[in-house]
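K.L.:
Sequence first, predicted coordinates after that:
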Amino acid sequence: GDSVTQMEGPVTLSEEAFLTINCTYTATGYPSLFWYVQYPGEGLQLLLKATKADDKGSNKGFEATYRKETTSFHLEKGSVQVSDSAVYFCALSNSGSARQLTFGSGTQLTVLP
Amino acid sequence: NAGVTQTPKFQVLKTGQSMTLQCAQDMNHNSMYWYRQDPGMGLRLIYYSASEGTTDKGEVPNGYNVSRLNKREFSLRLESAAPSQTSVYFCASRAKSITGTSGSWGTDTQYFGPGTRLTVL
């Protein structure tokens, strides 16, 4: 079945540091790939997505590129801020009509001033 | 638009008690989902409803039932709560995919509610 493997956390960075959170997936067909973010005490919000190979999703300074050859969708940001502290989830959507999401285990990011 | 709303926000139950978690969306979405979130395990799908009038099991359906009351509302019921059901529960919804001569496409994006934190003692 489909699966998502995400970089173990927690990750602690200083403000303005470079961020990479690794994500690899296993799936049949051509899934869509997502990064969701969860701020403390809140639900999940879509951060960015990519629907086909070589697509780059971007939002709020975050980027991720759909790499089919390495089955990866790593999240990057050039300069993190304290307000980026949250839990980040990588996910994929299968090709069935219900478009179920399969999530990674999440990576806790803390950015220190 | 309120998006996806869930009630209650917090609940404490004793083992064996029953309760229903409510979820509603005002985005006219066709599909709705219930997930549970446990530490270190991400979110796991409990049940989903691809469209009004249909429901299907997800990865972890045991101990739960669902009702798609109408297009807006999708409830999750615990008939006899167990400590293993202590978790944070999230509801989500998604717009309808569009199918044409080139195949099926459309939004895969799910929109999440704020969650219900349930503790079973």
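P.N.:
That came through fine.
K.L.:
what does chain A put close to chain B?
P.N.:
By CB under 8 Å from any CB of the partner chain, the residues of chain A that approach chain B are A:4, A:6, A:32, A:34, A:36, A:42-46, A:49, A:51, A:89, A:93, A:97-101, A:103-106. Heads up, the C-betas are built off the backbone N, CA and C, glycines and all.
K.L.:
Of those, select the buried ones using a PyMOL command.
P.N.:
One line in PyMOL is enough to select the buried ones among those; burial here means 16 or more other CB atoms under 10 Å in any protein chain shown:
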select buried, chain A and resi 4+6+32+34+36+43+44+46+49+51+89+93+98+99+100+101+103+104+105+106
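K.L.:
Let's see which of the residues of chain A next to chain B end up in strands.
P.N.:
Counting by DSSP state E, the residues of chain A next to chain B place A:4, A:6, A:32, A:34, A:36, A:44-46, A:49, A:89, A:93, A:101, A:103 in strands.
K.L.:
Helix or strand with the lowest mean pLDDT in chain A?
P.N.:
Lowest on mean pLDDT, DSSP states H and E among the helices and strands of chain A sits strand A:101-103, with a mean of 90.
K.L.:
Flag every residue of chain B that's near chain A.
P.N.:
B:4, B:31, B:33, B:40-45, B:48, B:50, B:56, B:58, B:90, B:92, B:94, B:97, B:104, B:108-115.
K.L.:
show me what contacts residue 2?
P.N.:
Since no chain was named, I'll use chain A. A:25-28, A:31, A:92, A:94, A:102 (CB atoms under 8 Å, 6 or more residues apart in numbering or on different chains).
K.L.:
ah, no, chain B please
P.N.:
Counting by CB under 8 Å, 6+ apart, B:A2 has contacts B:D26.
K.L.:
On the pLDDT front, check the residue positioned nearest the centre of chain B for me.
P.N.:
For chain B, the residue nearest the mean C-alpha position is B:W34 (1.9 Å; CA atoms, centre = their mean). Per-residue confidence at B:W34 stands at 97 (pLDDT).
K.L.:
partner residues bridging it?
P.N.:
Per DSSP bridges, the residues bridged to B:W34 are B:Y47, B:C91.
K.L.:
Verify the stated contact: it with B:R68.
P.N.:
No - using CB atoms under 8 Å as the test, B:W34 is too far from B:R68 to be in contact (10.8 Å).
K.L.:
list the residues that contact both of these two?
P.N.:
What both B:W34 and B:R68 touch, as defined by CB under 8 Å, 6+ apart, is the set B:F74.
K.L.:
Tell me which stretches of chain A form helices.
P.N.:
If DSSP state H is used as the criterion, chain A turns out to lack helices entirely.
K.L.:
Show me the shaky parts of it.
P.N.:
A:95-98 (pLDDT under 70).
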